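Have a look at this fold, sequence not included:
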């Protein structure tokens with residue numbers, strides 16, 4: 001059951017991250033400036049974030065089966081629209097539709113996990129779920145780049161639409177929301193009667209926890225999902241294939257980090273300490289890139305990108321932490337609220353990164369694409385590092401309930 005939802009999440013992540021591998025093609029055909037390309041990438045996150053709370057409420061009300069199946073079908077429509085676009089505005093509409101489709105993928109998958117797996121394993125399963133998304137991101141790296149070069153980027157996106165249609169049918173046919181429908185025990189987190197009143201709801205902690213997720217994933221979106229390939233090709237004269245491969249190490253690190261941080265959190269029965277460690281590690285990686293000390297070494301630069309991806313995987317703990325805070329009440333809606341803030345950073349930071357690049361552009365063009373100097377990238381890395389440090393403060397202020405596992 002989890003696997004079917006996870007397959008949809010993998011496809012969603014593939015579609016989400018695809019502009020990074022297709023950045024040069026998109027720049028030539030549709031998005032000529034850094035702001036335009038950043039806006040195209042961020043269009044996905046506008047509807048994805050905007051529909052998080054409605055998606056959570058729908059899943060809590062109707063279950064994941066119908067909502068996930070309908071969303072997979074919608075993803076097919078969005079992919080077809082994006083692949084057929086001849087202008088920036090048309091491409092943005094396609095990305096908006098794809099984002100609307102993906103809004104339920106993560107929330108629905110974790111809602112299913114909360115019923116099909118023991119609460120003592122929830123953070124670990126959440127980390128494994130993130131790793132599935134990381135696999136989708138890796139597939140949208142070098143494999144997508146090679147396929148796009150061989151077949152054309154539009155043809156590959158058309159193929160992803162066909163996969164979405166197949167998943168919609170499979171989910172509708174086979175998925176079940178509750179273990180009891182197949183004769184198994186339901187592991188939904190029982191709500192505590194002591195904290196059932198509205199005056200006991202930890203609104204302050206939930207709000208701070210949600211705010212604290214804006215920086216890490218937003219920085220990953222700006223780099224791993226968009227700007228790392230242009231950065232590596234322009235600053236280290238790497239081929240597109242090599243840059244895409246090196247960029248993919250961020251997503252590999254992201255997947256590995258999710259599994260490691262999730263398993264460690266369950267073992268230690270703590271959400272806060274591992275999450276803070278991951279946020280600090282992300283800030284250190286960004287700070288190293290911003291300092292310029294790694295500019296002469298592609299190996300050290302790629303290592304820093306991997307560190308950022310690995311530490312960013314700690315963000316999975318925010319969902320388990322939110323579930324603990326709310327004692328299992330309205331799990332999908334609570335997860336959607338946290339994910340809304342996660343995606344808000346992903347909407348805002350890629351265009352900000354692009355705006356910094358455009359502001360420091362010196363007029364150089366190479367192969368029909370703007371070439372930005374190293375100082376522009378270093379300044380943009382610095383902005384991301386400061387943003388992550390700001391969200392770290394919010395995380396520090398969240399109180400951690402006793403984890404009863």
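Cool, the structure landed. Predicted model only: the values in this text are computed from it and were never measured.

What residues does the residue lying closest to residue 13 once chain neighbours are set aside make contact with?
Of all residues not flanking residue 13 in the chain, residue 136 sits nearest, at 3.3 Å (C-beta to C-beta, 6 or more residues apart in numbering). For glycine as for every other residue, the C-beta is placed from the backbone atoms N, C-alpha and C. The contact partners of residue 136, taken as C-beta atoms under 8 Å, 6 or more residues apart in numbering, are 9, 10, 11, 12, 13, 14, 16, 17.

Out of the residues you listed, flag the one nearest to residue 203.
Comparing these against residue 203 with C-beta to C-beta places residue 9 closest, at 28.6 Å.

Return the member of the contacts of residue 136 nearest to residue 39.
residue 16 (15.1 Å).

Show the pLDDT at residue 157.
Looking at residue 157, its pLDDT stands at 91.

Phi, psi for it please.
Residue 157 adopts backbone torsions of phi -70, psi -40, taken as degrees, to the nearest 10.

count of residues packed around it?
Neighbours of residue 157 under the rule other C-beta atoms under 10 Å: 25.

ok, for it, nearest residue in space, not its chain neighbours?
Among residues not flanking residue 157 along the chain, residue 83 sits closest, at 3.8 Å (C-beta to C-beta, 6+ apart).

Thought residue 164 was touching the one you found, still the case?
No. Counting by C-beta atoms under 8 Å, residue 83 sits too far from residue 164 to count as a contact (11.9 Å).

more neighbours, the two?
residue 164 (25 against 19).

I'd like the distance between that one and residue 22.
Counting by C-beta to C-beta, to the nearest Å, the gap between residue 164 and residue 22 amounts to 18 Å.

For the closest residue to residue 399 other than its chain neighbours, list the residues it contacts.
Leaving aside its chain neighbours, residue 399 sits nearest to residue 205 (5.3 Å; criterion: C-beta to C-beta, 6+ apart). Taking C-beta under 8 Å, 6+ apart, we find residue 205 in contact with 325, 398, 399.

in the host helix or strand of residue 205, what's buried?
Per DSSP states H and E: residue 205 is located in helix 203-211. Buried residues in helix 203-211, counting neighbours by 16 or more other C-beta atoms under 10 Å, are found at 205, 206, 208, 209, 210, 211.

any chance of those in CSV, with distance to residue 169 and pLDDT too?
Putting those into CSV (distance: C-beta to C-beta, whole Å; pLDDT from 0 to 100) gives the following:
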residue, distance to residue 169, pLDDT
205, 41, 88
206, 37, 86
208, 42, 88
209, 37, 88
210, 35, 85
211, 39, 83
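
nearest to residue 158, of these?
residue 210 (36.6 Å).

any idea how far residue 179 is from that closest one?
Note on residue 210: its distance to residue 179, by C-beta to C-beta, is 29 Å.

Quick check: buried residues in stretch 389-397?
For stretch 389-397, the neighbour count (16+ other C-beta under 10 Å) marks 389, 391, 392, 394, 395 as buried.

measure the second one to residue 126 for me?
The spacing between residue 391 and residue 126, counted by C-beta to C-beta, is 19 Å.

And the last one, by the same measure?
Counting by C-beta to C-beta, the separation of residue 395 from residue 126 is 17 Å.

same question, the fourth one
Applying C-beta to C-beta, the value for residue 394 to residue 126 is 20 Å.

who's in contact with residue 123?
Counted by C-beta under 8 Å, 6+ apart, residue 123 has contacts 262, 263, 265, 266, 271, 316, 317, 320.

do that again at 7 Å, thanks
Residue 123 is in contact with 262, 265, 266, 317, 320, counting by C-beta atoms under 7 Å, 6 or more residues apart in numbering.

From the residues you listed, which land in helices?
The helices, defined by DSSP state H, take in 262, 265, 266, 317, 320 from the contacts of residue 123.

my guess is the fourth one meets residue 270, correct?
It stands for residue 317. No. Counting by C-beta atoms under 7 Å, residue 317 stays clear of residue 270, with 8.9 Å between them.

Tell me which of these two has more neighbours.
Using other C-beta under 10 Å, the more surrounded residue of residue 317 and residue 270 is residue 317, with 28 against 16.

How about the contacts made by that one?
Taking C-beta under 7 Å, 6+ apart, one finds 123, 261, 262, 265, 271, 274, 275 in contact with residue 317.

To what extent is the last one buried, counted in neighbours?
Applying other C-beta under 10 Å, we find 27 other residues in the vicinity of residue 275.

That one is in contact with residue 314, isn't it?
Yes. If you go by C-beta under 7 Å, residue 275 and residue 314 touch, sitting 5.2 Å apart.

Around residue 335, count how many other residues there are.
30.

Run the chain-centre distance for the helix or strand it falls within.
Using DSSP H and E, the secondary-structure element containing residue 335 is helix 331-359. Offset of helix 331-359 from its chain centre (C-alpha atoms, centre = their mean, to the nearest Å): 9 Å.

now do stretch 246-254
On C-alpha atoms, centre = their mean, the centre of stretch 246-254 falls 13 Å from that of its chain.

ok, now stretch 237-246?
22 Å.

contacting residues around that stretch?
With C-beta under 7 Å, 6+ apart, stretch 237-246 has contacts from 21, 24, 141, 142, 145, 146, 229, 232, 233, 302.

Can I take it that residue 185 is in a strand?
No. Using DSSP: H, G, I helix; E, B strand; the rest coil, the assignment for residue 185 is coil, not a strand.

and the closest residue to residue 349 other than its chain neighbours, how far is that from residue 388?
Using C-beta to C-beta, 6+ apart and skipping residues adjacent in sequence, the residue nearest residue 349 is residue 218, 3.9 Å away. Distance from residue 218 to residue 388, counting by C-beta to C-beta: 8 Å.
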